Each structure stands twice: as C-alpha cells, then as structure tokens.
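**Student:** one predicted model, sequence on top.
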Number of protein chains: 2
Amino acid sequence: MAPSPSACVLIIGDEILSGRTQDANLKYLGTRLAALGIALGEARVIPDIPEMIVTALNQCRARYTYVFTTGGIGPTHDDITTDCIAEAFGCRVVRHPEAEARLRAYYGGRTNEVRLRMANVPDHADVELIDNHVSVAPGYRIENVFVLAGVPDVARAMFEAVAPTLTGGDPVFSQSVDAHVREGEIAERLAQIQNEHRSVTIGSYPFMRNDKLGTSIVARSTDKAEIARVLAKVSDVMRTLGGEPIMGPAP
Amino acid sequence: MAPSPSACVLIIGDEILSGRTQDANLKYLGTRLAALGIALGEARVIPDIPEMIVTALNQCRARYTYVFTTGGIGPTHDDITTDCIAEAFGCRVVRHPEAEARLRAYYGGRTNEVRLRMANVPDHADVELIDNHVSVAPGYRIENVFVLAGVPDVARAMFEAVAPTLTGGDPVFSQSVDAHVREGEIAERLAQIQNEHRSVTIGSYPFMRNDKLGTSIVARSTDKAEIARVLAKVSDVMRTLGGEPIMGPAP
C-alpha cells in the first residue's frame, strides 16, 4: 500500500507506446494531484490489449487510493477501455440512461449506434458520470477508478470536474534554485543538507543552457519554511562554488 | 510473455510523477524500437523508491526481451538506480575500471569521489558499458537490461550506441490519413475494414484543427502493401462522408 492518499495513472493506448503521440496528460495530472496533496505513486503506459488493461487496473486499484485512466473511451473499434474495466470489476457493460440522453441531445439526428457506445459503463452499483463540457460524452467513476478521455483538453476538463470530490492530504509544495555549478561539485554538500532536513525531498537535475552545464535543485515538502531553509543552504553552497543561484517562483 | 522481440521502458524519477518535468524519452524510444521491429509492450514511470524500482525491474526483465531504464545514474544522493539494479540482480555494486578511467580522463584534477560514483555498476559477469559521447559517464547493459541516463540527449546517444546490438523483428511501418470527418461517422465502416485486414492495426484518433473536428486514422503493420490497401479503403469512406483525405508520409 502506498502512502495515503495516493494515486496511479494508467495511460491506455498503442499510439503512446509506438511513439506516434506524445503523452500530454501525465504532467498535468501529476501537477494537479501534488497540489491536492495526493501522491502520484506510479504511472503505466499500456497497449490496447485487454488482458494488460485488466491486470494493470486490478493491481493498481488495490494498491492506490485513486486510479485515473486516460484513453480508449471513444466510439471506434479500438476504444476498449470500458469493456476492460467491466471485466476487471467482474460485471457486464450497460448503457447509462443519463449518458445516452446527453449524447442524443447533442447529436440529434446524427445519433447512431457507435456514438451511443460512448454511453456504455460497467453495470456496477457504484458508478457515477464525470461531466465533459468540451465534447459532451462523459467519463465515469467506478469505485476508486476515474475513467477519463485521452484527448488532453477533455481529460483536463474531466479531471477538474472530479477534483473537488477527491480527499487530499497536505499539499506538497516545491521550489527550485538553479546555478551554473556541476552536479559533481555540489553532490557531497547536497547529501549533507538532505540528511539535515528529512521532511524535504531534494532532487538534483543537470541542465545545459547557452552551452553551459548547470544544476537545478528542487526541494519538495509540505512545509514551506523547511523548503526555504533548504534552498538558502543550497544557495550558499552554490555561491561558494562560484555560481549565481537563481531562485524559482515561491511555492 | 509478450510477443518477441519485445521491450519495456522504466522511467525512473520523482520529477516526472510530480509533474515538474515532461518526459521526453518515451516517444523517442517507442519510435526507434518500432523501427527496429521491437514491440514496446509497456512503459512505467516509477518514483525514486528502491522497493518500487527493484520490483518493477524484476517483473519486467522476466516478461520482456529488453528493458530500458532512464534516469537516476548521476552523481547525487537521489541517483539510486544502480544500487537498485544491483539489488534486483542480487549482487553488490563495484567500480568499473574502464568507466573509472574514462571519468578520470575527462575530469582530470576535478575528479572526486561523488563523480566516481558514476563508474559504479552491479558486480555481475554479464555487464557491458554503454558509450556516452555527450557527457562521458557511461550507461551499462546487465543481461537484458539497458541502463540509460535520464537527460534526453544522453539517453538518445546511449540508445543509439546499443541499437545495432539489439535483435529486431520485422520493422513495423505506419501511415496515417486525416480528414474532417467525425469518429462517430466513420467508426462502423472502420471496424469492417479492420475485420477485413487482420494483419494491420487500425487506430482512430480525433483531432481539432482550425476549430473543426476531424479524425486521424493510423494503420500499422509489417506489410506496407496492406497498409496501402487499408488506407485506400479508409480514404474512400472519408470521401463518401464529405471529407478530403490527407495522406501522411509514406512508410
């Protein structure tokens, strides 16, 4: 069991694994979940293969407080997410009356059978629609699993529709400080600072700007004052190494 | 066991899950692996937590022909990938003499203990360095696991250094055709075409351009002639729906 509240993101789709499409949902969901105090413990990108989706879903919904899936809920033959989620929960697929009503109202005379597939949900007592103000066809929640669209604008709208219903923890803040010092020069002092401040997670990321190597130090914690203390120490070390620390936006 | 040859990518790093950093390695690796005829079966983004890394690594190296890890092999305290890989393989960590020699030659008088951490590898009979012509510190292969850096330029250089050593299958080609027709209009005929051409995987992806909805159909197969036949049929359907099909680059 991951620290609670926790979350996992399942990105469903061959197009991400084949390299055709750059995923644009993970960064958004990770950022928003951190702000809500929900630790994103893992993300998996899985192909359009039913047994892979069912297995990953069952592993992750047992392990994390919340699971968010993206992709595979459209009207075409390769949209198999709902069938797989129903299988994972051991139930059939049914047409949701309210979802069907929304689709019929939107499509009018252009309503057809394949479009109505987007009103399908698992036949389970604890299912709730997730509003989609971008393109109408709703997502849904089933127990602790939130089934979102893959199209980024729609995935975001759906996430924001459910965000107020999530039980968060203390929000995690982060701030960075960058300087043109090398990781290999700052590493030893950084490890000491990490030891002195256990409630802060200190990450170190090399970068290259204007052909000059540098290091970005990121401090993450629920305690803003501790972040400030850590970054003050890191800045001092950077200055002693001849760097000019540039502080990122305050958390 | 996934279809052979297959691969899995493990993206190691809190900074991806927190949303701070946009992953830039998966799309590259997915594209290159497909071109080599190696199916990328799964990708996982996992945090800097040793037990998560060890578990994911052991699951995936048993399941896939090749595993590629990215991230966590730098000199700082948060770079724990090599320790975890050694633990997964049940061995200690040792300093690799050739890697140490390369680092000493590069850093000269600026060589220090933390920089030499980047010469650490698991103490295992089947370890081979992976060249890094960008920033010297090498990656390594241990059995079927390829340990790459996280920084995209370095990850790419390392992948290209090992690509000629990988045993590929028939390369998978893909081509797309786009038109301003809706998924819900084309879905039924598309499913028929998919049924008629089982050796081609047909994906359907909605898009919005100039405020107009459209659909991109992607055909993927080891057989270029079959891709052409599928996309000719899809284009015909698009025309009957009033769309003007725009064919993507030939595979």
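**Tutor:** That came in fine, so what should we check first?
**Student:** please parse chain A into its domains.
**Tutor:** A:6-165, A:173-247 (automatic domain parsing).
**Student:** turn those domains into JSON lines, columns for mean neighbour count, mean pLDDT and distance to chain B.
**Tutor:** Where C-beta positions appear, they are placed from N, C-alpha and C, glycine not excepted. Listed next are those as JSON lines, based on neighbours: other CB atoms under 10 Å in any protein chain shown; pLDDT from 0 to 100; distance: least, CB to the nearest CB, whole Å:
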{"stretch": "domain A:6-165", "mean neighbour count": "20", "mean pLDDT": "96", "distance to chain B": "3"}
{"stretch": "domain A:173-247", "mean neighbour count": "18", "mean pLDDT": "95", "distance to chain B": "4"}
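**Student:** going along the chain, name the helices of chain A.
**Tutor:** A:14-17, A:26-35, A:50-63, A:81-88, A:97-107, A:113-116, A:152-162, A:183-196, A:224-240 (DSSP state H).
**Student:** with just CA atoms, put the first one into PDB.
**Tutor:** Pointing back at helix A:14-17 there. Listed next in PDB are the C-alpha coordinates belonging to helix A:14-17 (Å, rounded to 0.1, in the frame of the first residue of the first chain):
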ATOM      1  CA  ASP A  14      -0.900   1.900 -28.600                       C
ATOM      2  CA  GLU A  15      -0.300   5.400 -30.000                       C
ATOM      3  CA  ILE A  16       1.800   6.400 -27.000                       C
ATOM      4  CA  LEU A  17       3.900   3.300 -27.000                       C
END
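**Student:** quick one: list the elements packing against that helix.
**Tutor:** strand A:39-46, helix B:26-35, strand B:39-46, strand B:201-209 (3 or more CB pairs under 8 Å, 6 or more residues apart in numbering or on different chains; DSSP states H and E).
**Student:** so the third one versus helix A:50-63, what angle?
**Tutor:** Strand B:39-46 and helix A:50-63 are oriented at 10 degrees to each other (axes from the mean of the first three to the mean of the last three CA atoms, to 10 degrees).
**Student:** what does strand B:39-46 contact?
**Tutor:** Here strand B:39-46 makes contact (CB atoms under 8 Å, 6 or more residues apart in numbering or on different chains) with A:16-19, A:26, A:42-47, A:52, B:2-3, B:5-13, B:16-17, B:23, B:26, B:29-30, B:33-34, B:52-53, B:56, B:60, B:63-64, B:169, B:172.
**Student:** if we use 7 Å, what do you get?
**Tutor:** Residues outside strand B:39-46 that contact it (CB atoms under 7 Å, 6 or more residues apart in numbering or on different chains) are A:17, A:26, A:42-47, B:2-3, B:6-12, B:16-17, B:26, B:29-30, B:33, B:52-53, B:56, B:64.
**Student:** from the chain's centroid, how far away is it?
**Tutor:** Distance, stretch centre to chain centre, for strand B:39-46: 7 Å (CA atoms, centre = their mean, to the nearest Å).
**Student:** name every strand pairing with it and say which way it goes.
**Tutor:** If you go by DSSP bridges, strand B:39-46 pairs up with strand A:39-46 (antiparallel), strand B:6-12 (parallel).
**Student:** what's the angle from the longest one to helix A:26-35?
**Tutor:** If I follow you right, that is strand A:39-46. Using the same axes, to 10 degrees, the direction of strand A:39-46 lies 160 degrees away from that of helix A:26-35.
**Student:** strand A:39-46 to helix A:81-88, inter-axis angle?
**Tutor:** Going by the same axes, to 10 degrees, strand A:39-46 makes 110 degrees with helix A:81-88.
**Student:** restrict strand A:39-46 to CA atoms and write it as PDB.
**Tutor:** The C-alpha coordinates for strand A:39-46 follow below in PDB (Å, rounded to 0.1, in the frame of the first residue of the first chain):
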ATOM      1  CA  ALA A  39       1.000  11.500  -4.100                       C
ATOM      2  CA  LEU A  40       1.200  10.100  -7.700                       C
ATOM      3  CA  GLY A  41       2.900   6.900  -6.900                       C
ATOM      4  CA  GLU A  42       3.200   5.400 -10.400                       C
ATOM      5  CA  ALA A  43       2.100   5.700 -14.000                       C
ATOM      6  CA  ARG A  44       1.900   3.000 -16.500                       C
ATOM      7  CA  VAL A  45       1.500   3.200 -20.300                       C
ATOM      8  CA  ILE A  46      -0.200   0.100 -21.600                       C
END
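**Student:** distance check, residue A:53 against residue A:177.
**Tutor:** For residue A:53, the distance to residue A:177 equals 41 Å [CB to CB, to the nearest Å].
**Student:** and what of residue A:194?
**Tutor:** The value you get for residue A:194 to residue A:177, if CB to CB is used, is 14 Å.
**Student:** what of residue A:170?
**Tutor:** Separation of residue A:170 from residue A:177 (CB to CB) stands at 23 Å.
**Student:** now do residue A:44
**Tutor:** Relative to residue A:177, residue A:44 is positioned 32 Å away (criterion: CB to CB).
**Student:** now residue A:35
**Tutor:** Distance check for residue A:35 against residue A:177: by CB to CB, it reads 21 Å.
**Student:** then residue A:230?
**Tutor:** 9 Å.
**Student:** this completes my enquiry, with thanks.
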